[in-house]
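what's the 3D shape of this:
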Amino acid sequence: MPLSEMPLSEMPQSGMPELPETETIARDLDAEVRGAVVSQVEVQRADVLREATAAEFIASVTHATITRVWRRAKLVVIDLLTRGGVAQEGARNERVQHLVVQPRFTGGLLIAGEPLAATDAAYVCMSCTLADGRHLHYKDVRRLGTVALMTAERFEAYQSALGPEPLDARLTDPMFSGLIRASKQPVKVALMDQKRLAGVGNIYANEALWHAGIDPSREARSLSDTEATTLLLKLREVLTASIAARGTSFRDYRDARGERGRFVEQLVAYGRAGLACVRCERRLVGTHAIDGRGTVFCATCQR
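Residues are numbered from 1 along each chain as shown. All right, here's what the predicted structure looks like:
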């Protein structure tokens, strides 16, 4: 049975949005709100805020201009030009700040011109009213995600601890091989280490390793340079295809328009334990032994 046709109760648990999902949200929001001015801010659930109290958050973000929305790792970053204090010449001081949104399992950013449906409105944690009357909401059913307000200096320190982006052309084959093969951990765990490589989570680690024909339990240092090069190629292909399909939706993930991602229809490993491998037709193996998360692989195809 295709995953897209499974009953909701039988679908695999979807983890936090990964690179393709946050990239989709960031691109949508950037097209919609770049240049918009925030006229009003409301904090409904202050427990999702980080690095600022509700009062500080409201004071900083109100009247700010959104200059860019982009992605770093699994984060959606909203760049703000804020105004505060008075310069000696009498002009208003301007400074760059960042709203750093980590959606985790059930969080999401929505842009809306009309009031939200009651089912969505009940879970709104923070809302920005834009000068044109639209609203940018952060909603989170379980409130496991976070919205952090960071200065430019704080954000630079924060993001510099993350690894390189897998889709960045500056990440060469030799660089990737060196990063992955320096680890004694299983290769799946090394792929998902955000300090080693940013943005890859459980879904796309499973998929990339299947496409590369690599057993996820192998020590990362056991890969050859050729295998590492193949793995990076397949990882990039999977991530690019998922972005084109607007991400993977099981239970919770929705894009900034509230729509589901379609990459679920292209999954060949993740969530398919017990089903036939589309390459060799042997039954796919499912285990939680590698890293405590669901790992699906083909014991015949992946070595």
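
Please, where are all the helices along the stretch 101-250 of the chain?
118-121, 152-160, 173-181, 187-191, 202-212, 225-244 (DSSP state H, counting those that start in this stretch).

any residues touching the second one, and which ones?
Think helix 152-160. Helix 152-160 has contacts (Cβ atoms under 8 Å, 6 or more residues apart in numbering) with Glu51, Arg72, Ala73, Val77, Arg95, Val96, Gln97, His98, Val100, Met150. Where C-beta positions appear, they are placed from N, C-alpha and C, glycine not excepted.

Buried among those? Make that a ChimeraX selection.
Buried members of those, defined by 16 or more other Cβ atoms under 10 Å, are picked up in ChimeraX with:
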select :51,72,73,77,96,97,98,100,150
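
which one of the contacts of helix 152-160 is nearest Ser224?
Closest approach to Ser224 among the contacts of helix 152-160 (Cβ to Cβ): Ala73, at 27.4 Å.

What is the burial count for the spatially closest residue to the closest one that is not a sequence neighbour?
Leaving aside its chain neighbours, Ala73 sits nearest to Ala198 (3.7 Å; criterion: Cβ to Cβ, 6 or more residues apart in numbering). By the criterion of other Cβ atoms under 10 Å, Ala198 has 22 neighbours.

from what I can see Ala198 touches Pro166, true?
Yes: applying Cβ atoms under 8 Å as the test, Ala198 and Pro166 come out as touching, 7.5 Å apart.

between those two, what contacts are shared?
Leu19.

Walk me through the domains of the chain.
With domains defined by automatic domain parsing, the chain comprises 34-160, 164-297.

Which among those domains is found nearest to Glu18?
Across the domains of the chain, closest to Glu18 is domain 164-297 (Cβ to Cβ), at 3.9 Å.

start to end distance for that closest one?
Taking Cα to Cα, to the nearest Å, the first and last residues of domain 164-297 lie 26 Å apart.

do stretch 190-202 as well
For stretch 190-202, the end-to-end distance is 11 Å (Cα to Cα).

Need the per-residue pLDDT for Leu191.
pLDDT recorded at Leu191 is 98.

ok, it touching Glu207?
No: between Leu191 and Glu207 no contact is recorded; they are 10.7 Å apart, counting by Cβ under 8 Å.

Check the secondary structure at Val268 for me.
Counting by DSSP: H, G, I helix; E, B strand; the rest coil, the backbone at Val268 sits in coil.

Ok, Arg272 next?
Applying three-state DSSP: Arg272 is coil.

and if you look at Leu29?
Look at Leu29: counting by three-state DSSP, its state is helix.
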